[in-house]
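**Student:** Return atomic coordinates for the entry below.
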Amino acid sequence: MKFLFILLTTCGLLYYGVFGVEEITMSVREEDIVTLHTGVKTNHRDRIRWYYKDIRIAQITGDLIKTCKDVQCKERFRDRLELDNQTGSLTITSMITSDAGLYKLKILGNPSSEKIFNVTVHDQIKTVPVMERETVTLCTGVENQDDVKICRFNDTFIAGINGYPNKTCTDVQGSDEGFRARLKLDNQTGSLIITNTRCTDSGLYKLQINSSSCSIIRSFNVIVNDSHLETPAMDLIVRRITIFGAVILVLTVAVAFGVKHCSTVRRSNLKKINMNLL
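**Tutor:** A predicted model of the protein is given here:
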């Protein structure tokens, strides 16, 4: 089970094929921003080509950069491909499940090299609801301590790990002090833990994971609900109590009216009987 988990972690397994082709298996989530690194700096002699399922999707030759113009390719990626003109690294924005598959990198130079990225994309709920004063954990899904993990809240740096050092925003001069020592970073995974949450903690959190083979930016939309607000279940209970109270009130009034009416009728009958006796 542990082996399976490691296999599915981001940039989790790195090995070399039988022909010296570097193969990288990685698992990402929907809406992640993923960069596949070439690990080189380009020059005019290098020609870098990227393929998706054996279809060329991007290339760089010297200063000339091209991404796929094929109708089918453009329809699939919808202008979500970016190529770094310095390194040739490929960035795919807003990952979707259909982006899963084999990405092949070919560097034609002296020497030539090749990499294969086997990418799987998993569904992921990005909205994270939490009640005020509760603790929320934003998981990176990574166990490699050597990876660099950077956390941002509404594009402001709040925490980071580079190897073993662990910094939160309280360690950085001029950073947001709104969290006031309520942030913790898991040294193993880089997951961000926010304790004693407040409504002001609501917003967009971005966890960036950098490694030698890839970079991933994972987003979480955290919504902190006011604990004083009624939940739908509580609201239903209140409505039922209100209706029940109204019914009891109506019945009470009806009974009181009936008793009063009966009393009036009884007095009227007694009065008639007395008059007849006279």
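
**Student:** hey, let's count contacts and neighbours off CA atoms from now on
**Tutor:** OK.

**Student:** hang on, residue 199 packs against residue 225?
**Tutor:** Yes. Using CA atoms under 8 Å, residue 199 is in contact with residue 225, at 6.4 Å.

**Student:** Can you work out which residues contact both of these two?
**Tutor:** Common neighbours of residue 199 and residue 225, using CA atoms under 8 Å, 6 or more residues apart in numbering, are residue 132.

**Student:** show me where this structure has helices.
**Tutor:** Remark: helices assigned in the chain by DSSP state H are 2-8, 71-77, 232-277.

**Student:** any idea how far the closest residue to residue 151 other than its chain neighbours lies from residue 155?
**Tutor:** Leaving aside its chain neighbours, residue 151 sits nearest to residue 207 (4.6 Å; criterion: CA to CA, 6 or more residues apart in numbering). As judged by CA to CA, to the nearest Å, residue 207 and residue 155 stand 11 Å apart.

**Student:** Please apply the same query to residue 186.
**Tutor:** Residue 186 sits 21 Å away from residue 155, going by CA to CA.

**Student:** Between the two, tell me which one has more neighbours.
**Tutor:** residue 186 (15 against 10; other CA atoms under 10 Å).

**Student:** Surely the more buried one touches residue 192?
**Tutor:** Yes. Between residue 186 and residue 192 there is a contact under CA under 8 Å: 6.7 Å.

**Student:** how many neighbours does residue 112 have?
**Tutor:** Residue 112: 11 surrounding residues under other CA under 10 Å.

**Student:** All the strands of the stretch 51-200 of the chain, residue numbers only.
**Tutor:** 55-61, 64-67, 81-83, 90-92, 101-108, 113-122, 127-131, 136-138, 148-153, 156-162, 166-168, 183-185, 192-194 (DSSP state E, counting those that start in this stretch).

**Student:** who does the residue nearest to residue 151 bridge with?
**Tutor:** Beta-bridge partners recorded for residue 207 (DSSP bridges): residue 151, residue 218.

**Student:** contacting residues around the nearest residue to residue 200 once chain neighbours are set aside?
**Tutor:** Of all residues not flanking residue 200 in the chain, residue 224 sits nearest, at 7.8 Å (CA to CA, 6+ apart). Each residue near residue 224 by CA under 8 Å, 6+ apart is listed here: 129-132, 197-202.

**Student:** where among the helices of the chain is the average confidence lowest?
**Tutor:** Mean pLDDT is lowest for helix 2-8 among the helices of the chain, at a mean of 39.

**Student:** Tell me how many other residues crowd the residue lying closest to residue 46 once chain neighbours are set aside.
**Tutor:** Spatial nearest neighbour of residue 46, excluding adjacent residues (CA to CA, 6+ apart): residue 109 at 4.8 Å. By the measure other CA under 10 Å, the count of residues near residue 109 is 14.

**Student:** Okay then, goodbye and thanks.
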